[in-house]
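K.L.:
Quick one: sequence plus predicted model below, questions after.
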Amino acid sequence: MVRFTHWITTLCFFAMLVSGLEIVVSHPRFYWGETGNVLTPPLFSIPIPASRATVPTGYGYTLPDQNGWSRSLHFQAAWAAVFIGLLYFLWGLFSGHFRQTLIPSPADGGSLLHEIGEHLRFKKPEAGEASSYNTVQRLAYLGVIFVLAPLMVWTGLAMSPAVAGVFPWAVAMLGGQQSARTIHFFGTLLLVLFVLIHVVMVIRAGFGSRTGAMITGRAPARKE
């Protein structure tokens, strides 16, 4: 189940990232509050040309408008990720996966600062570490699963006019629809950072063996 949900989520994330970039290109300005448009001072802007001529960017040209297919793909991939995430959550809850694999034990606390320092240097993990997650990995996964992923779903839904009409309090708690969009953008940056560190650590640990294990379910044999 971990391998199945991992790879489906990977495909969904890649689809949402590519389509999300296209959506940002249509209006690379971010605001805070309920409203935001070309007449509203932005909280910040991304210094790239837009795909809409009405958006002031400082460039004398516009990019091709890909807003149609990108929004469609973004929503479809997002709903697929939500359903896969719910499946993983329910399985992890009732199977004991979270308790046995991800929740750090009290004994792990003493080595937390040491492990953080080692991983900030991208220290190559030892062979014995392949069979379980270390404390830093557990905290990172728990943060993504129970904090960052729900926040991305919440902010994504808060940008929907239909959701805002039925559950206005869910949007108001974020500060408004434009605030939800801005938070969603920064949440994406954190997810990308998590994925990059994850991939770097997989490469450091042995890309072929670790990726093969995540595909086949068979861990690489230990060398005596």
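P.N.:
On my side now, so go ahead.
K.L.:
ranges for the helices of the chain?
P.N.:
With helices called from DSSP state H, the chain shows them at 2-26, 67-95, 97, 112-120, 135-143, 149-158, 161-166, 168-172, 177-216.
K.L.:
For the spatially most central residue of the chain, list the residues it contacts.
P.N.:
Nearest residue to the geometric centre of the chain (C-alpha atoms, centre = their mean): Leu191, 3.3 Å. Residues in contact with Leu191 (C-beta atoms under 8 Å, 6 or more residues apart in numbering) are 13, 144, 148, 152. The C-beta positions use only the backbone N, C-alpha and C, and glycine is treated the same way.
K.L.:
Check Arg52 too.
P.N.:
Taking C-beta under 8 Å, 6+ apart, one finds 26-27, 62, 65 in contact with Arg52.
K.L.:
Top of those by number of neighbours, please.
P.N.:
Counting neighbours by other C-beta atoms under 10 Å, His27 leads the contacts of Arg52 with 22 neighbours.
K.L.:
hang on, the earlier thing: how about a markdown table for the contacts of Leu191, with neighbour count and pLDDT added?
P.N.:
Compiled in a markdown table, those are given as follows (neighbours: other C-beta atoms under 10 Å; pLDDT from 0 to 100):
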| residue | neighbour count | pLDDT |
| --- | --- | --- |
| Phe13 | 18 | 97 |
| Val144 | 17 | 95 |
| Leu148 | 17 | 97 |
| Met152 | 22 | 97 |
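K.L.:
what's the closest non-adjacent residue to Leu190?
P.N.:
Distances taken as C-beta to C-beta, 6 or more residues apart in numbering put Leu148 closest to Leu190, at 6.0 Å, once the chain neighbours are dropped.
K.L.:
Distance of that neighbour relative to Val55?
P.N.:
Noted for Leu148: a distance of 29 Å to Val55, by C-beta to C-beta, to the nearest Å.
K.L.:
need the contacts of Leu191 in JSON lines with distance to Gly212, can you?
P.N.:
Converted to JSON lines, these look like this (distance: C-beta to C-beta, whole Å):
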{"residue": "Phe13", "distance to Gly212": "21"}
{"residue": "Val144", "distance to Gly212": "23"}
{"residue": "Leu148", "distance to Gly212": "28"}
{"residue": "Met152", "distance to Gly212": "30"}
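K.L.:
who touches the residue lying closest to Pro64 once chain neighbours are set aside in this structure?
P.N.:
With sequence-adjacent residues excluded and distances taken as C-beta to C-beta, 6+ apart, Pro64 is closest to Ser51, at 6.4 Å. Contacts for Ser51 (C-beta under 8 Å, 6+ apart) come out as 22, 25-26, 62-67.
K.L.:
ok, these vs His97, which is closest?
P.N.:
Glu22 (35.1 Å; C-beta to C-beta).
K.L.:
That's all I had, so thanks and see you.
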